[in-house]
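Enquirer: 3D model of this:
(chains A, B and C)
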Amino acid sequence: MPELPEVEVVRHGLEPAVTGARIDAVEVLDERSLRRHVGPSEDFIERLTGATLLGAVRRGKFLWLPIAGPSVLGAEPPQEALVAHLGMSGQVLLRDVDAEASALTRVRFALTHPVHGPLRVDFVDQRIFGSMAIDGLLPTPDGAAAGYGMPLASIPSQVAHIARDPLDPAFDERLYRRRLAAKRTTVKRALLDQTLISGIGNIYADEALWAARVHYDQPTETLSARKSGELLAEVRTVLRRALVEGGTSFDAQYVNVNGASGYFSHSLRAYGQQGTPCARCGRLIVREQFMNRGSHFCPRCQRIR
DNA sequence: AGCGAGCCCTGCGCGC
DNA sequence: TGCGCGCAGGGCTCGC
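Expert: Next comes the predicted model:
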């Protein structure tokens, strides 16, 4: 599901609810959702119960909630965080304390916020490709804030290999362009490589490639510096636009923390548009199998050259 | 280094 | 109506 805009919508909704909130209780309804947690679910529950959450941070498609250190004064920087990845179908929902959990709820948290009072956070995930874990925080190599949401220069160890995303002020565009040019691969594969540039998934890769008129299978070393710059600009544009519209929802699988859908599906020009005319030239959009998924593009506007 | 395949899963919509 | 198949916003690991 969720790519950068959808995860950011979730982070943004979660931030005011969890910042400064204390975890009163944790319920693990399906252990498979803790696949990436090192240790048993009892350990996950024990370490979180009574802990205070400090905020909500995102890099690419990863989300984490730093946990207050043991100091009563809270003067020490946090040492660990609750890390969440939504996978293909994960949701984080804010619910009333007495609301029924849906059948697909995998982990539930009861929180008390100093201002808003008691609330519940449900981690819902149909396919269980998403996960939650407690993870240690490491200093960022460049000393900059690790992600969007808190000015904290430390990152969960599980997220350390993930590149900064293109909306991150500390995203190093020169480094990205250099690494992209040095790669011996094709351009969509590179856009989906989260260790090169993060936050882009199948939808926004196809949308940005369409906007930049680049074929998904174009070898990266044949992409001119100018085209490469245009493509990155289109990536940023499409991510920002999708964010403004609340993300892309095709069905109930993607919703914000209040259960509402996003509107960007109405703005898609390539993804899922096979058989409909290209908005630029009128030629029918084509869908091809690529990396075990669909790639959608205009055969006239987007050619390998 | 890069790539394809396989794996982790559930549920939906479609065609027969 | 029922069933099988293909499809789905991701990512990690392995062997070539």
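
Enquirer: switch to C-alpha atoms for all contacts and neighbour counts from now on
Expert: Fine.

Enquirer: okay, now residue A:284: neighbour count?
Expert: 17 (other C-alpha atoms under 10 Å).

Enquirer: for it, which non-adjacent residue is closest in space?
Expert: residue A:277 (4.3 Å; C-alpha to C-alpha, 6 or more residues apart in numbering).

Enquirer: helix or strand for residue A:6, which one?
Expert: helix A:4-18 (DSSP states H and E).

Enquirer: so for the residue nearest to residue A:59 when sequence neighbours are not counted, what's the pLDDT?
Expert: Spatial nearest neighbour of residue A:59, chain neighbours left out: residue A:147 (4.7 Å); criterion: C-alpha to C-alpha, 6+ apart. Residue A:147 is assigned 98 on the pLDDT scale.

Enquirer: again with the one 10 residues further on
Expert: Note for residue A:157: predicted pLDDT of 97.

Enquirer: ditto for residue A:75
Expert: For residue A:75, pLDDT reads 69.

Enquirer: what does residue A:249 give?
Expert: Listed pLDDT for residue A:249 reads 88.

Enquirer: repeat that for residue A:188.
Expert: For residue A:188, the predicted pLDDT is 96.

Enquirer: neighbours around it, how many?
Expert: Residue A:188 has 25 nearby residues by other C-alpha under 10 Å.

Enquirer: next one: the one 3 residues further on
Expert: The local packing of residue A:191 (other C-alpha under 10 Å) involves 26 other residues.

Enquirer: and for residue A:196?
Expert: 18.

Enquirer: wait, it sits on residue A:187?
Expert: No: look at residue A:196 against residue A:187 with C-alpha atoms under 8 Å: they stay out of range, at 11.6 Å.

Enquirer: for the helix holding residue A:6, which positions count as buried?
Expert: Burial within helix A:4-18, assessed by neighbour count using 16 or more other C-alpha atoms under 10 Å, is assigned to A:4-15, A:17-18.

Enquirer: would you mind naming what in the stretch 1-150 of chain A lies close to DNA strand B?
Expert: Residues of the stretch 1-150 of chain A lying close to DNA strand B (C-alpha under 7 Å from any atom of the strand) are A:32, A:104, A:126, A:127, A:128, A:129.

Enquirer: now do the contacts for the last one.
Expert: Right, the one you point to is residue A:129. A:33, A:86, A:87, A:88, A:89, A:90 (C-alpha atoms under 8 Å, 6 or more residues apart in numbering).
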